[in-house]
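Engineer: missing the sequence, but the structure's below:
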């Protein structure tokens with residue numbers, strides 16, 4: 001059975017990006033309930049003043065105008081936010097929603113793609129742990145999503161079903177619900193009619209539905225949503241105002257009504273609660289949870305009108321499976337998680353722009369998910385090439401001694417002081433401390449002994465006495481960090 005320390009460390013790995021041993025001990029004294037409240041009620045936590053409020057260009061001097069930023073600027077800003085935030089659960093949830101509503105720059109491209117994807121990221125941050133209903137209605141009118149799933153092409157007399165299909169199949173109900181008869185192909189077709197006319201305003205000097213309103217900086221001014229009654233506006237002319245039959249109900253539905261139908265009507269309401277509860281559990285705990293866990297989380301969502309914050313608090317406090325042996329260290333780190341957690345735990349000062357290409361080599365490029373289903377994850381994160389990319393990046397992290405461009409790599413002296421490791425520290429103490437910091441679970445006896453011998457071994461291969469001096473700090477301790485981050489145990493959390 002896991003100790004209280006292991007449970008608290010597990011909570012911070014899953015609800016954040018990990019915590020150092022002294023931080024885990026502090027939160028143990030605070031208690032689990034107070035710690036969970038601190039994590040989930042992040043709105044009351046003062047954000048790090050070093051966090052930039054919005055993306056800036058790489059120009060010198062940088063420009064923060066949203067109409068000129070590039071997609072790299074947006075990705076760099078988000079990585080930097082994850083590195084510095086005092087609200088880690090919020091960013092963990094933005095990553096979750098970015099995967100759930102997977103939208104890629106491959107299609108949401110210039111001239112307005114970076115702006116639209118930034119808006120979507122902000123929408124997911126605003127409602128990260130809010131009511132799922134509010135988030136879904138925001139996604140309905142999100143400029144990036146309207147383009148990504150072709151709702152800009154969805155007009156009366158020629159409905160495009162892409163968005164309605166993914167709303168049911170991926171966002172709200174899941175394909176299993178289709179197989180169980182919770183929704184049907186006619187439901188998809190009729191729901192698509194409810195979204196006719198939902199699109200983006202034309203720009204007078206651009207092709208229809210092409211470069212929409214480049215100078216605008218408010219997404220509400222970019223979208224064209226049909227009014228309740230036909231006023232002959234651009235959106236109204238494209239909307240089907242006749243009755244639609246969805247889930248056996250006939251009415252002149254619009255897009256938001258479809259969201260309400262799913263969340264208010266059985267059996268769709270229960271199917272949605274089960275799908276969302278299960279997916280959140282799998283993101284934070286482990287795959288294929290037990291039936292009683294899914295049922296419990298679904299009941300929490302239904303009881304609270306799909307309040308994600310309440311569900312997460314319940315998951316972290318009341319679901320014993322979250323802290324089970326099956327859950328501990330069972331998930332493979334996403335590349336974004338791998339680099340951010342390693343940088344945060346080593347207190348590294350590293351420009352975010354240096355991370356995005358490395359993450360791409362590891363299999364994840366923010367704002368470029370492979371398809372509408374998001375990243376496959378799991379074992380897909382641990383192919384030979386991706387593990388090599390992780391090891392190479394870990395080497396870059398520990399060998400970077402530059403003080404230029406704000407890049408100082410790992411904060412070696414601070415970490416040694418944090419671990420109480422002075423000149424007389426034994427190699428076993430050094431190995432054990434950095435294992436606790438970075439791997440956060442005991443290593444096999446043979447692995448630990450090999451690392452201790454590595455610390456004692458000189459460059460010529462001889463094994464002698466160990467002393468924590470400037471040479472061993474610069475060579476051996478840096479090498480130890482690299483080895484721990486590269487080992488199989490360092491890939492899971």
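Structural biologist: Looks like it arrived, so ask away. Because the structure is predicted, anything quoted here is derived from the model rather than measured.
Engineer: name the nearest residue to the most centrally placed residue in the chain, sequence neighbours excluded.
Structural biologist: For the chain, residue 95 is the residue whose C-alpha lies nearest the centre (Cα atoms, centre = their mean; 1.3 Å). Closest residue to residue 95 apart from its sequence neighbours, by Cβ to Cβ, 6 or more residues apart in numbering: residue 336 at 6.2 Å. Yep, even glycine has a C-beta here, placed from its N, CA and C like the rest.
Engineer: which residues touch the one helix or strand residue 89 maps to?
Structural biologist: Counting by DSSP states H and E, the element that carries residue 89 is helix 88-100. Residues outside helix 88-100 that contact it (Cβ atoms under 8 Å, 6 or more residues apart in numbering) are 15-17, 39-40, 42, 78, 81-82, 85, 121, 124-125, 128-129, 135, 170-171, 279-280, 283, 308, 312, 334, 336-337, 366-367, 369, 374-375, 377.
Engineer: how far away is the residue nearest to the centre of the chain from residue 307?
Structural biologist: With distances taken as Cβ to Cβ, to the nearest Å, residue 95 is found 20 Å from residue 307.
Engineer: before we move on, what SS does residue 190 have?
Structural biologist: At residue 190, secondary structure determined by DSSP: H, G, I helix; E, B strand; the rest coil is helix.
Engineer: what about it, distance to residue 243?
Structural biologist: From residue 190 over to residue 243 the distance is 9 Å, taken as Cβ to Cβ.
Engineer: just residue 231 next, same as before
Structural biologist: As for residue 231, its distance to residue 243 is 19 Å (criterion: Cβ to Cβ).
Engineer: that older thread, the residue nearest to residue 95 contacts residue 82, doesn't it?
Structural biologist: Yes. Residue 336 is within contact range of residue 82, at 7.1 Å (criterion: Cβ atoms under 8 Å).
Engineer: contact partners for residue 144?
Structural biologist: Residues in contact with residue 144 (Cβ under 8 Å, 6+ apart) are 103, 108, 113, 116-117, 119-120.
Engineer: same check, this time on residue 386
Structural biologist: 335, 361-363.
Engineer: quick one: which of the residues you listed is most hemmed in?
Structural biologist: The most crowded member of the contacts of residue 386, judged by other Cβ atoms under 10 Å, is residue 362 (26 neighbours).
Engineer: so what's it up against?
Structural biologist: 335, 338-339, 381, 386, 389-390, 393.
Engineer: farthest pair in those residues?
Structural biologist: Largest separation among the contacts of residue 362 by Cβ to Cβ: 381 and 393, giving 13.6 Å.
Engineer: can you pull out the helices in the stretch 201-350 of the chain?
Structural biologist: Using DSSP state H, counting those that start in this stretch, the helices of the stretch 201-350 of the chain run over 234-238, 255-264, 268-284, 291-303, 308-318, 335-345.
Engineer: show me where pLDDT drops low in the stretch 351-493 of the chain?
Structural biologist: Along the stretch 351-493 of the chain, the model assigns pLDDT under 70 to residues 403-407.
Engineer: helices along that one, start to end?
Structural biologist: Along the stretch 351-493 of the chain, the stretches classed as helices by DSSP H, counting those that start in this stretch are 356-361, 384-399, 412-418, 427-438, 445-456, 470-472, 478-486.
Engineer: and these, which is most packed in?
Structural biologist: Mean neighbour count (mean count of other Cβ atoms under 10 Å) peaks for helix 478-486 among the helices of the stretch 351-493 of the chain, with a mean of 21.
Engineer: what does it contact?
Structural biologist: Outside helix 478-486, the residues within contact range by Cβ under 8 Å, 6+ apart are 342, 346, 390-391, 394-395, 397-399, 410, 412, 430-431, 434-435, 438-439, 451, 454-455, 490.
Engineer: how about 7 Å then?
Structural biologist: 342, 346, 390-391, 394-395, 398-399, 410, 430-431, 434-435, 438-439, 451, 455, 490 (Cβ atoms under 7 Å, 6 or more residues apart in numbering).
Engineer: same thing with stretch 64-84?
Structural biologist: Contacts of stretch 64-84 (Cβ under 7 Å, 6+ apart): 48, 50-52, 54-58, 91, 105, 113-115, 117-118, 121, 214-215, 217, 340, 343-344, 352-353, 355-356, 366-367.
Engineer: ok, which of the helices of the stretch 351-493 of the chain comes nearest residue 166?
Structural biologist: helix 356-361 (24.8 Å).
Engineer: what is the burial count for residue 338?
Structural biologist: By the criterion of other Cβ under 10 Å, residue 338 has 26 neighbours.
Engineer: who's in contact with the closest residue to it other than its chain neighbours?
Structural biologist: Counting by Cβ to Cβ, 6+ apart, residue 338 lies nearest to residue 390, which is 6.2 Å off, once chain neighbours are set aside. Residues counted as contacts of residue 390 (Cβ under 7 Å, 6+ apart) are 338, 362, 486.
Engineer: now do residue 267
Structural biologist: By Cβ under 7 Å, 6+ apart, the neighbours of residue 267 are residue 182.
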